[in-house]
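[1] The sequence isn't on hand, but the structure is:
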């Protein structure tokens, strides 16, 4: 019962605080290219052989975030948007193993989107490069290192469609 009163007290206190100026609404429209379902085939140095996976992108939370659902050998969920104050895209991700991470990107430079990890629960940090190969195809490559200093890499291609 005591915790209920503490929660209510904290809520009432929050109501009395002055309201800060509203921040600009996040705008993920720079990622419109990804909206839809992508079928991918990739390989990496951490697993043998090629592995298929699917990425499904849609908008969520009043169109302020682009949502990514990953299915395949591993499953995961991600959200991305543009932070106008910081002048970069921010990517948040989590997977079925309990791993989570955060990455940023300044945005598209020509046909390339470079995404750099800033935090990962397992200590794996790397750089992902996505290249628009056409209106419904991409290639990607990444390189990184583990907390223990082991280097890893991977690459693949994705096609948009049913």
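    Nice, thanks for sending it over. Bear in mind the structure is a predicted one, so any value in this text is a computation, not a measurement. Numbering: from 1, shown residues only.
[2] ok, now which ones touch the nearest residue in space to residue 72 that is not next to it in sequence?
    Distance criterion C-beta to C-beta, 6 or more residues apart in numbering; nearest residue to residue 72, sequence neighbours excluded, is residue 53 at 2.8 Å. Just so you know, the C-beta spots here come from the backbone N, C-alpha and C atoms, and that holds for glycine as well. Residue 53 is in contact with 40, 42, 70-74, counting by C-beta atoms under 8 Å, 6 or more residues apart in numbering.
[3] partners of residue 53 in the sheet?
    On the basis of DSSP bridges, residue 53 is bridged to residue 40, residue 72.
[4] isn't residue 58 right next to residue 34, touching?
    No - using C-beta atoms under 8 Å, residue 58 makes no contact with residue 34, being 9.7 Å away.
[5] what do these two both touch?
    Joint contacts of residue 58 and residue 34 (C-beta under 8 Å, 6+ apart) are residue 66.
[6] and of the contacts of residue 53, the nearest to residue 156?
    Nearest to residue 156 out of the contacts of residue 53 is residue 42 (C-beta to C-beta; 2.9 Å).
[7] Next, that closest one: secondary structure please.
    Here residue 42 is strand, with the state taken from DSSP: H, G, I helix; E, B strand; the rest coil.
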